[in-house]
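>>> Would you be able to build a 3D model of this:
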Amino acid sequence: MNRKAFLLGFYSISGQVLLLRELVSSLNGDELFIGTALFGWLVSVAVGAYLGGRLRLKIGSTALFMVGIILLPIMLIAARLSPLIVTDLIGEIIPFSRAVVISSIMMLPIGIISGWLFPSITREGLTPAGSIVQVYLLEGIGAFIGGVAILILVGGILSTLQMAVAVGIIVLAGNLFPSPDRHVLRAILVTTGALLLLIITQYVVKTLDWHGDRVKYEPYQVETSFDTHYGHQTILSRDSTYTLLTDNTIEAAYPDLLTAENLLIPPLAYKPSAEKVLFIGRTEFGVRQLADSLPDLSITALDPRRALSPKIDEVIPFSGTVSRIDDDPITFCSRPQSVNTYDIIIVNPGELDSYKNSRLLTDRFLTKAKSLLKSDGIIFFPTRYDTDRFITPEQREVLSIIYNVFKHSFDYVTLWPGNMTLLFASDTPLLDMPYDSIIIRLTHLSYKPQYISENYLPDRLNEFKMQRLLAAVTSSDEVNILNRPMLPHYQALYRAKANAFDRHVISFILGKTELLVGIPLFILAFFALSSITKVKKKRYGLFLYFTAGLVSLSLELISFYVYQSSAGSLYSEMAILIGAFMLGLAFGTYYSMRMGKGRLEYPALLMLLIATLIFLATFNRINPQVLLFYHLFFLFVAATATGSLFVAATDRYYPGRAESNRGAGYACELIGSSVGALLSTTILLPVIGLRWLLISLAVLLVVAFLGSFVTARDI
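Numbering: from 1, shown residues only. Take a look at the predicted model:
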């Protein structure tokens, strides 16, 4: 039983995280779907646990494991190909409503298997009543080990599909592995066979990976396709053109002279004497080629995806005019550097639909980047919004937020309308330049632009278009900050304009904030029913279950958001973060069960409250070098308190039978977790902000603590 409980945790964390990675990368890299996918996971695990405990079918854990290891790669392939259900256009954005449904459904099979395995393994134990805690503990240890394995292997060595097959082989070997002291030869044979199977299948799966993308992106030719720590990368070719896809979204294309000129030439119109440029993003798709025509310009490209560079060089030959730095932009700008280094910093993060990209449009990052500029330097931000003919309400909202962020950090901000709306920021008045001067300065460049030239600029920069754009971006005072990330949600609204249902749903979420009052009212009503009625002796345990689920899931997703916003990556680290959380749950449950009866809810609630308040006070002050350890420790502590609170709630709801695992309490905890998954970072974060969200959770913990005192005398 011990080995199978460990394998359950290893398989469950692997299935959950690998599916989350694949769904995010297939659904355009949007982390907003993590909450809905986790909601689907929670529901499916609950269904599986219910079926396994209720139906009591004679299905052994080994049979369930065999079904699970077959289903996992199948569901990963299904998740990767799921955009084809919606569209056959390469890189087309999947509507929010359909992506939510897809992300929830894809989690169901693996979640049901994981949930069913728990009661199945528990029944196979020698002491079924006491084995629940033992299985829970070993499951947590297995989850942590699985998280470490994914962190080390996935993205750098193995793809998600390769890891899924490796997990299946390990789980298979674990089920077949005999007792070494009795069957030494069989143990050696199983181990050797598993290692050989691992080596052989990795080559087969690598080919299958490539064929999967070939089917997905037909009629394009797949030049290369692979995973990094930051997502899934694909380079396509067709008719001598090359396209870079990042998480199923078109990041760059080559040749595309119009875009390349828009990315590099405009800031040189204000500062033609510039010698050093820092380009945040990929330069290989046009910018690097333009740099060959500007010999006096030294360009440094900054992008953390080290593995992507040699893959691009195989397709588009590399020239030495652009130097590369493989580093995260925030980490790079936070390090001590030579002051006043660059004349121009070009920020080209890509689509603003993720926290990873939108974090570069905050005053926190701009302040760091500003320290690398010369005193008369320029920060240039080229957007993908077309404001040449008209400006939609959705564009106005997004551009207003971007404009306000730069206005908070710089004294002078100028915009150019066009098929790509361009933004320039500086602390010197060099941006206050008439059109004629811009044209004259462009003529002094060694490269003669075809699009950023006197043939096209008169129409692009005419007074009517400039005034219309300025009026649009000054229509709102909202800004994008770490405490309240607005851009990904307004970007979702901008994308939703193509789908009427999405537009109404997202507009309702962002526009009807007064309806959020219903959330605390619901919680207060639940609290009143559980602590004031005559049956409060029993019902208050249900409120503690609900609190444990809501707070723990919310803190987990908040930790994901902060880590992603600070470190720039989440896909691989998510596995070990969830693993640490699962290990903490198991440890808290085991330790509390060993302590026996007592007022466990008091120390558990205090521990959760202190962890929440310390996180609130410190999350924005952590050195990037220890960021992962900080979040691992925070999640472990929060989960330990949650596990202890779960035992306390069980003791309240089932007095004298703390080892019980009954449906009502588990269901109530899952309801709380589901509420946290759906509301915390998806809805509440952009509406009330991170600090108020953490404060709200702290208030809930205080209310739960006081309620424990009120009801304690009746127990």
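>>> can you give me the strands for this protein?
Under the criterion DSSP state E, the chain contains strands at 221-228, 231-238, 241-246, 249-254, 276-280, 298-302, 322-325, 342-347, 373-382, 412-416, 422-426.
>>> Tabulate those strands (JSON lines), appending mean pLDDT.
Below are these laid out as JSON lines (pLDDT from 0 to 100):
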{"stretch": "strand 221-228", "mean pLDDT": "87"}
{"stretch": "strand 231-238", "mean pLDDT": "89"}
{"stretch": "strand 241-246", "mean pLDDT": "91"}
{"stretch": "strand 249-254", "mean pLDDT": "89"}
{"stretch": "strand 276-280", "mean pLDDT": "95"}
{"stretch": "strand 298-302", "mean pLDDT": "92"}
{"stretch": "strand 322-325", "mean pLDDT": "90"}
{"stretch": "strand 342-347", "mean pLDDT": "95"}
{"stretch": "strand 373-382", "mean pLDDT": "93"}
{"stretch": "strand 412-416", "mean pLDDT": "94"}
{"stretch": "strand 422-426", "mean pLDDT": "95"}
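>>> Which one, of those, ends up nearest to residue 572?
Of all these, strand 221-228 sits nearest to residue 572, with 8.9 Å by Cβ to Cβ. (Each C-beta comes from the backbone N, C-alpha and C, glycine too.)
>>> Can you list the buried residues in the closest one?
Across strand 221-228, burial judged by 16 or more other Cβ atoms under 10 Å covers 222, 223, 224, 225, 226, 227, 228.
>>> And the residue nearest to residue 599 when sequence neighbours are not counted, how far from residue 652?
Excluding the flanking residues, the one nearest residue 599 by Cβ to Cβ, 6 or more residues apart in numbering is residue 712, at 6.9 Å. Distance of residue 712 to residue 652, given as Cβ to Cβ, to the nearest Å: 10 Å.
>>> ok, these two, which is more surrounded?
Counted by other Cβ atoms under 10 Å, residue 712 and residue 652 do not tie: residue 652 has more neighbours, with 28 against 14.
>>> per-residue confidence for the more buried one?
pLDDT for residue 652: 78.
>>> Go ahead and confirm it touches residue 544.
Yes - using Cβ atoms under 8 Å, residue 652 is in contact with residue 544, at 6.2 Å.
>>> what do those two both touch?
Applying Cβ atoms under 8 Å, 6 or more residues apart in numbering, one finds that residue 652 and residue 544 are jointly contacted by residue 601.
>>> domain parsing for this protein?
Domain assignment for the chain, taken from automatic domain parsing, gives 1-154+157-219, 257-497, 512-715.
>>> And residue 512, what's its pLDDT?
pLDDT, residue 512: 62.
>>> quick one: residue 244 from residue 314, how far?
The value you get for residue 244 to residue 314, if Cβ to Cβ is used, is 13 Å.
>>> More neighbours: these two, which one.
Applying other Cβ under 10 Å to residue 244 and residue 314 shows that residue 244 carries more neighbours, namely 24 against 11.
>>> For beta bridges, what are the partners of that one?
residue 235, residue 252 (DSSP bridges).
>>> Surely it touches residue 282?
Yes - Residue 244 is within contact range of residue 282, at 6.9 Å (criterion: Cβ under 8 Å).
>>> so what's in contact with these two at the same time?
By Cβ under 8 Å, 6+ apart, the residues touching both residue 244 and residue 282 are 251, 252, 312.
>>> Disregarding flanking residues, what is the spatial nearest neighbour of the first one?
Of all residues beyond its chain neighbours, the one nearest residue 251 is residue 244 (4.8 Å), with distances taken as Cβ to Cβ, 6+ apart.
>>> got the contact list for that neighbour?
233, 234, 235, 250, 251, 252, 253, 282, 285, 312.
>>> what's residue 454 in contact with, if anything?
Residue 454 neighbours (Cβ under 8 Å, 6+ apart): 439, 442.
>>> gap between residue 213 and residue 330?
Taking Cβ to Cβ, one finds residue 213 at 30 Å from residue 330.
>>> Tell me which of the strands of the chain sits nearest to residue 685.
Among those, strand 231-238 sits nearest to residue 685 (Cβ to Cβ), with 21.3 Å.
>>> Alpha carbons only: can I get the closest one in PDB?
Taking Å, rounded to 0.1, in the frame of the first residue of the first chain, the C-alpha atoms of strand 231-238 are listed here in PDB:
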ATOM      1  CA  GLY A 231       5.900  27.500 -22.900                       C
ATOM      2  CA  HIS A 232       5.600  25.600 -26.200                       C
ATOM      3  CA  GLN A 233       7.600  26.900 -29.200                       C
ATOM      4  CA  THR A 234       6.900  26.100 -32.900                       C
ATOM      5  CA  ILE A 235       8.600  27.400 -36.000                       C
ATOM      6  CA  LEU A 236       6.500  27.000 -39.200                       C
ATOM      7  CA  SER A 237       7.500  27.600 -42.800                       C
ATOM      8  CA  ARG A 238       5.500  28.100 -46.000                       C
END
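>>> outside of it, which residues touch it?
Contacts of strand 231-238 (Cβ under 8 Å, 6+ apart): 22, 24-26, 29, 90, 160, 213, 217, 219-227, 242-248, 305, 307-308, 311-312, 315, 571.
>>> try it again with 7 Å
Applying Cβ atoms under 7 Å, 6 or more residues apart in numbering, the external contacts of strand 231-238 come out as 25, 29, 213, 217, 220-226, 242-247, 308, 311-312, 315, 571.
>>> Tell me what angle that strand forms with strand 221-228.
Interaxial angle of strand 231-238 relative to strand 221-228 (axes from the mean of the first three to the mean of the last three Cα atoms, to 10 degrees): 170 degrees.
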